[in-house]
Every structure is written in structure tokens, then in C-alpha cells.
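A.B. asks: Here you go, sequence then predicted model.
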Amino acid sequence: MFRSRNRHVFRPTAYGSRRRRRIPRWLVLLVSGIIIGAGGLLFLQKSYGPTRLTMEQSEQLQSELNSANIDKQRLETDLGRKERELADTQSTLQETQDTLAKTEQRLSTIDEDLQVLANAIPADPRGTSPGIRAATFTNNDGKLDYAILVMQDKDKMDQTFEGTAELAVAGRYSNGSVANVEIDPFDLELDQFTQLSGTVDLPDHYTAREVTIKIRATGSDKVVATRTLIARGQ
């Protein structure tokens with residue numbers, strides 16, 4: 001009657017049976033959230049993020065970047081050279097402007113000097129205005145060099161004279177025959193004075209002895225000034 005009614009059941013181990021432990025719900029939620037977040041991030045990067053470059057694209061981009069750097073250095077070098085050239089040009093321009101200012105100042109003095117000389121030159125023997133104040137003619141290897149100074153009186157300086165000058169050459173050929181040669185007229189224009197100078201061809205084996213200058217106004221056959229002078233040389 002003192003025996004226990006509960007029977008002892010055989011235990012397979014000395015430690016008894018263990019209860020199965022479940023994974024905590026919070027751990028499942030945490031891992032699920034991490035997986036979902038990583039997947040969403042990968043999706044966003046793939047769909048809306050910048051495209052990842054392949055190895056070839058990366059090498060090409062690096063090559064283009066190096067080329068751009070080389071071009072940049074070249075352009076910087078060119079810019080430096082252009083800046084130096086600009087500085088040199090500005091310096092030269094300043095020197096030219098200074099020289100021009102000095103020249104203009106000198107020209108004003110020259111005008112005064114020329115006026116003094118013009119007043120000192122003897123008048124045309126015929127007393128005409130315009131008049132042929134001076135002239136030189138020189139034979140030069142089958143050509144005739146000439147320089148003629150034509151002037152107007154002061155009271156006519158405000159009236160520009162326009163006309164032509166003609167040269168009538170009297171000379172001799174090497175065989176002794178005498179002949180006259182007419183030179184084509186050339187234009188002239190002056191206020192107070194002008195110098196006509198140049199070279200004209202003479203016939204072969206011909207030497208000028210004297211030259212007659214004739215000046216006519218434009219559109220008129222009247223000779224307003226004339227003078228005859230000896231030709232020099234040969």
C-alpha cells in the first residue's frame with residue numbers, strides 16, 4: 001500500500017529529453033529585413049544608378065582622360081606663347097606710336113623749313129604762276145632722268161592747280177643726226193609746290209641735249225608755263 005502508483009519510465013540517456021528551441025521571431029524579422037533591403041538596394045542601383053563600366057570601357061575612359069590632360073597642357077602652352085606674342089606686339093605698337101608722334105612733330109618743322117626754302121627759290125624767269133622754278137635732266141644709259149619743281153604764288157595757294165606736263169627733247173643720235181623726241185604728257189597737281197621726278201626711255205643710240213617743259217591746265221591747250229634747260233651727261 002506504500003508503493004507509488006507512478007511508474008518510472010526508461011530514459012534513453014542519463015540527461016533526460018530536451019525540448020526543441022525555436023528561432024526567435026525577432027531574429028527572423030531582422031534577417032528578412034536585411035535580405036529585402038539588400039535586394040532593394042541592388043534593384044535600385046541596377047535600375048536607376050549609374051551604369052558600371054566594363055574593363056574595356058574603363059581603359060578607354062582612362063585613355064581619353066590622359067589625352068584630355070595632354071591637350072590641356074598643349075593649350076596652356078599655346079596660351080602662354082600667345083600672351084607673350086601679345087605683349088611683344090603691344091610693346092612694338094607703343095614704340096611705333098612714339099615714333100609716329102616724333103615723326104609728326106618733325107614733319108611740322110619740315111613744313112616750316114620747306115616754306116623758307118620755297119620763298120628763297122628764284123621765280124620762273126617768265127613770271128608765270130604756276131611756274132617752273134627749277135629742273136634737272138640727266139642722260140643715263142639710254143634713259144632720261146628728270147626732276148622738275150613747279151610752284152604757284154602764295155596768293156594762289158588756296159587754288160589747287162591740275163594739269164599736265166609735257167617734255168620735248170632735242171638731241172642727237174650716235175651717227176650725228178639731230179632729232180626731236182616728244183615724251184608722253186603726265187599729270188600734275190599742286191597747291192603751292194610739287195616736284196615731278198622719274199625716268200623716261202629714249203630711242204636707241206640717242207642722247208638728249210636740251211629739254212623743253214610745257215605745262216597746260218586740264219582741258220586747255222594753252223601753255224601756262226614753259227622752260228628750256230640743258231640735259232647733262234653723255
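C.D. replies: Yep, that arrived.
A.B. asks: name the element residue 33 belongs to?
C.D. replies: Per DSSP states H and E, residue 33 falls inside helix 25-48.
A.B. asks: next helix or strand past that helix?
C.D. replies: Downstream of helix 25-48 (by DSSP H and E), the next one is helix 55-120.
A.B. asks: pLDDT of that next one, averaged?
C.D. replies: The average of the pLDDT scores along helix 55-120 is 83.
A.B. asks: Hey, what's the angle from the helix or strand just after that helix to helix 55-120? Just curious.
C.D. replies: Moving toward the C-terminus from helix 55-120, the next helix or strand (DSSP H and E) is strand 131-140. Using axes from the mean of the first three to the mean of the last three Cα atoms, to 10 degrees, the inter-axis angle of strand 131-140 relative to helix 55-120 is 120 degrees.
A.B. asks: Now do strand 131-140: which elements does it pack against?
C.D. replies: Secondary-structure packing of strand 131-140 (3 or more Cβ pairs under 8 Å, 6 or more residues apart in numbering; DSSP states H and E): strand 143-151, strand 206-217, strand 223-232. From N, CA and C alone the C-beta is placed, and that goes for glycine too.
A.B. asks: Looking at those strands, which is nearest to residue 25?
C.D. replies: The closest of those to residue 25 is strand 143-151. By Cβ to Cβ, the value is 123.8 Å.
A.B. asks: which residues are contacting the closest one?
C.D. replies: With contact meaning Cβ atoms under 8 Å, 6 or more residues apart in numbering, strand 143-151 is reached by 118, 121, 124, 129-138, 165, 167, 169, 183, 188, 190, 192-202, 208, 211, 213, 215, 225, 231.
A.B. asks: Only whichever of the residues you listed are buried, select them in ChimeraX.
C.D. replies: To isolate the buried members of these in ChimeraX, using 16 or more other Cβ atoms under 10 Å:
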select :124,129,130,131,132,133,135,137,165,167,169,183,188,190,192,193,196,200,202,208,211,213,215,225,231
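A.B. asks: which stretch among the helices and strands packed on strand 131-140 comes nearest residue 86?
C.D. replies: Of all the helices and strands packed on strand 131-140, it is strand 143-151 that lies closest to residue 86, at 45.5 Å by Cβ to Cβ.
A.B. asks: just the angle between the closest one and strand 223-232, please?
C.D. replies: Computed by the same axes, to 10 degrees, the angle between strand 143-151 and strand 223-232 is 140 degrees.
A.B. asks: strands paired with strand 143-151, and their directions?
C.D. replies: Sheet pairing here is set by DSSP bridges, and for strand 143-151 it gives strand 131-140 (antiparallel), strand 193-201 (antiparallel).
A.B. asks: then that strand to CSV, C-alphas only?
C.D. replies: The C-alpha trace of strand 143-151 is given here as CSV (Å, rounded to 0.1, in the frame of the first residue of the first chain):
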residue,chain,number,x,y,z
LYS,A,143,67.2,106.9,-120.4
LEU,A,144,66.5,110.4,-119.3
ASP,A,145,66.2,111.1,-115.5
TYR,A,146,64.2,114.2,-114.7
ALA,A,147,63.3,116.3,-111.6
ILE,A,148,61.1,119.4,-112.0
LEU,A,149,60.0,121.8,-109.3
VAL,A,150,56.7,123.6,-110.1
MET,A,151,55.3,126.3,-107.8
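A.B. asks: what angle sits between that strand and strand 206-217?
C.D. replies: 30 degrees.
A.B. asks: which parts of strand 143-151 are buried?
C.D. replies: For strand 143-151, burial by neighbour count (16+ other Cβ under 10 Å) applies to 144-146, 148-151.
A.B. asks: Can you add pLDDT and give those residues back as CSV?
C.D. replies: Formatted as CSV, the buried residues of strand 143-151 follow (pLDDT from 0 to 100):
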residue, pLDDT
144, 95
145, 95
146, 95
148, 92
149, 91
150, 91
151, 88
